[in-house]
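>>> show me the folded form of this:
(one chain, ligands or ions: 1)
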Amino acid sequence: MKKMKDLRPIIWDDDKKELILIDQRKLPNELEYFICKNYKDVAYAIKDMVVRGAPAIGVSAAYGLALAEIRGDDIYKAYNILKNTRPTAVNLFWALDRCLKAYNEGRSILDEAKKIHEEDIETCKKIGMIGEKLIEDGDTILTHCNAGALATSAYGTALSVIRFAYYNGKKIKVIADETRPRLQGAKLTAFELNYEGIPVKVITDNTAGFLMQKGEIDKIIVGADRILVDGTVYNKIGTYSLAVLAKYHGIPFYVAAPLSTFDLKSSEKDVIIEERDEREVAYIDGVRIIPEGVGCYNYAFDKTPPDLITAIITEKGIIKPKKEDILKLY
Ligand SMILES: CSC[C@H]1O[C@H](OP(=O)(O)O)[C@H](O)[C@@H]1O
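As a prediction, the model looks like this:
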């Protein structure tokens, strides 16, 4: 059986005390690294999506706070700057709070960041091993955005399920929504799966419904950026539309996410859905596609209610998106 390629977008250089990130803005055409020498480099990398994806953002921010400790910077200032990079993915806050707690207890932030990094790798592996049981030989699976190795420390979440199904010998095909405006599906998911030799085709976001109507999609698996205790899922913009279409067509809709993406405290009114620069919508590769003077909406995420979700795949098992099931995870 073929060996997984084990793509790692986040590398801590313990000799130089630097954080090395694959610069995902340059994929798929160039494989370049972005070196973070201090916490401000990490904050920039998260905000400008050098590194993106809920778990990957959390791990990177943890190393960002470790860099502040190593360089003798004001830890609380670094914490606040890192915390304010992106508002929706809860892993960012979970990881920073875990590192700040270590610091306040007199423990090394770097050691805590390394633990968070290692845990993320193991967690994503378990999500794949558990979730692949839902995949049947011959399935065509639709996914949205990138919930792959490039969104985590390794393996991914939704793409970990796909990877493990493939490497366990299931003949699957993947359909990747391009995912406007930042095109994570076209540029990152297609890159990852093609790199591994997993059959993948890219579609425009508008094509997903038509393929469902034609009966060409067997399952849908996406990632998540925040899951509330009632099972509401915040994920890349367009996820909600897919979930409604899946319900209409009777197609199973799965969310794959680690426990670090669950937010048991917040309610919907507390969650900020990130709005990004309009220019991400108004321009493609530097060319303006919308008339001057015409504005855009650029919501980075949307919310999907639990009644549209078949199940949530976690490192502790597959659960229904219900409060009683979610609370049993802890
Ligand atoms: C494994 S979580 C990945 C999650 O994060 C992505 O958002 P972004 O690329 O803006 O960080 C997207 O919502 C993915 O599902």
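>>> count the neighbours of residue 282 for me.
Residue crowding around residue 282 was assessed by other CB atoms under 10 Å; the count is 18. Where you see a C-beta, it was placed from the backbone N, CA and C, and this is true even at glycine.
>>> please disregard the earlier target; I meant residue 330.
Counted with other CB under 10 Å, the neighbours of residue 330 add up to 8.
>>> from here on, count from 16
Fine by me, first position is 16 from now on; the one you just mentioned is residue 345.
>>> the stretch 66-215 of the chain: helices as residue ranges?
In the stretch 66-215 of the chain, the helices defined using DSSP state H, counting those that start in this stretch lie at 69-85, 90-98, 105-119, 124-146, 173-182, 199, 205-211.
>>> residue 309: which of those is closest?
Among those, the nearest to residue 309 by CB to CB is helix 199 (24.8 Å).
>>> now what about that closest one, what contacts it?
Here helix 199 makes contact (CB atoms under 8 Å, 6 or more residues apart in numbering) with 67, 160-161, 251.
>>> make JSON lines from those residues and add neighbour count and distance to the ligand to it.
Below are these laid out as JSON lines (neighbours: other CB atoms under 10 Å; distance: CB to the nearest ligand atom, whole Å):
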{"residue": "67", "neighbour count": "27", "distance to the ligand": "3"}
{"residue": "160", "neighbour count": "30", "distance to the ligand": "4"}
{"residue": "161", "neighbour count": "32", "distance to the ligand": "6"}
{"residue": "251", "neighbour count": "28", "distance to the ligand": "3"}
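>>> what does the protein put close to the ligand?
Proximity of the chain to the ligand (CB under 6 Å from any ligand atom) is limited to residues 67-70, 160, 162, 166-167, 172, 199, 237-238, 240, 250-251, 315.
>>> what do you get if the cut-off is 5 Å, keeping everything else the same?
Applying CB under 5 Å from any ligand atom, one finds that the chain approaches the ligand through 67-69, 160, 162, 166, 172, 199, 238, 240, 250-251.
>>> now, which of these lie within strands?
250-251 (DSSP state E).
>>> could I get the contacts of helix 199 as TSV with distance to residue 102 and pLDDT?
Output for these, formatted as TSV (distance: CB to CB, whole Å; pLDDT from 0 to 100):
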residue	distance to residue 102	pLDDT
67	14	98
160	17	98
161	20	98
251	15	98
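>>> among the residues of the chain next to the ligand, name the buried ones.
67-69, 160, 162, 166, 172, 199, 238, 240, 250-251 (16 or more other CB atoms under 10 Å).
>>> shaky segments in this structure?
Under the criterion pLDDT under 70, the flagged ranges of the chain are 16.
>>> domain map for it?
Domain segmentation of the chain under automatic domain parsing yields 25-137, 147-342.
>>> span of the first one from start to end?
By that I understand domain 25-137. In domain 25-137, first residue to last residue: 14 Å (CA to CA, to the nearest Å).
>>> show me how far that domain is from its chain's centre.
Computed by CA atoms, centre = their mean, to the nearest Å, the separation of domain 25-137 from the middle of its chain amounts to 15 Å.
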